[in-house]
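K.L.:
Model the structure of this input:
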Amino acid sequence: MNKAIYYLTTLLFFAISSASAQTVISANGGTATAAGSEVSWTIGEPITATVSDGTTTLTQGFHQTKIKVTAVNEIQVPNVKIKVYPNPTSDFVMVHLSKTVEKATYLLFDITGKLIQQKNIESIDTKIDMTGVANGSYILKLISGQQPLQTFKIVKR
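P.N.:
So this is what the prediction gives:
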């Protein structure tokens, strides 16, 4: 009988621990929502550390809400070479394709993942106007239909 209680308790412990969400233990904090935007904060996390066992990562000391990760990958379609220049830039970026690509489109995102510009690429040379965007880092994604061509990080100064 004691073994059954022990196994049941152990099973219950693992079930509860695996079902828990991200939690923060802090001195104080809160969340405010207005006009479709949400801000959350914590106070009193004086120690920072990151520990990983290869499958799970624990980051202590920073309040992390909805994390968006944008990867910059070198995904190539065979026989197409792409050049994006100048980078960094102050006013425009040129996209040069080594040959015409069907249904080619560029998407320009800000660093938070918000889509800033989206246009079809009609020729092998395309000029992207960056004068209307603030200085900072941007992600330029080139696609052909639904297939990724290549993704670039663009710096506007």
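K.L.:
got the residue ranges for the helices in this structure?
P.N.:
Taking DSSP state H as the criterion, the chain contains helices spanning 2-19.
K.L.:
so what are the domain limits for it?
P.N.:
2-60, 82-156 (automatic domain parsing).
K.L.:
between these, which gets the lowest average pLDDT?
P.N.:
When those are compared by mean pLDDT, domain 2-60 comes last with a mean of 64.
K.L.:
List the residues that contact Gln118.
P.N.:
By CB atoms under 8 Å, 6 or more residues apart in numbering, the contact set of Gln118 is 105-108. In this view, the C-beta of every residue, glycine as well, is placed from N, C-alpha and C.
K.L.:
Could you do Lys99 as well?
P.N.:
79-80, 124 are the contacts of Lys99 under CB under 8 Å, 6+ apart.
K.L.:
Could you check how far it is from Pro86?
P.N.:
Computed as CB to CB, to the nearest Å, the Lys99 to Pro86 distance reads 22 Å.
K.L.:
Check Thr10 too.
P.N.:
Taking CB to CB, one finds Thr10 at 61 Å from Pro86.
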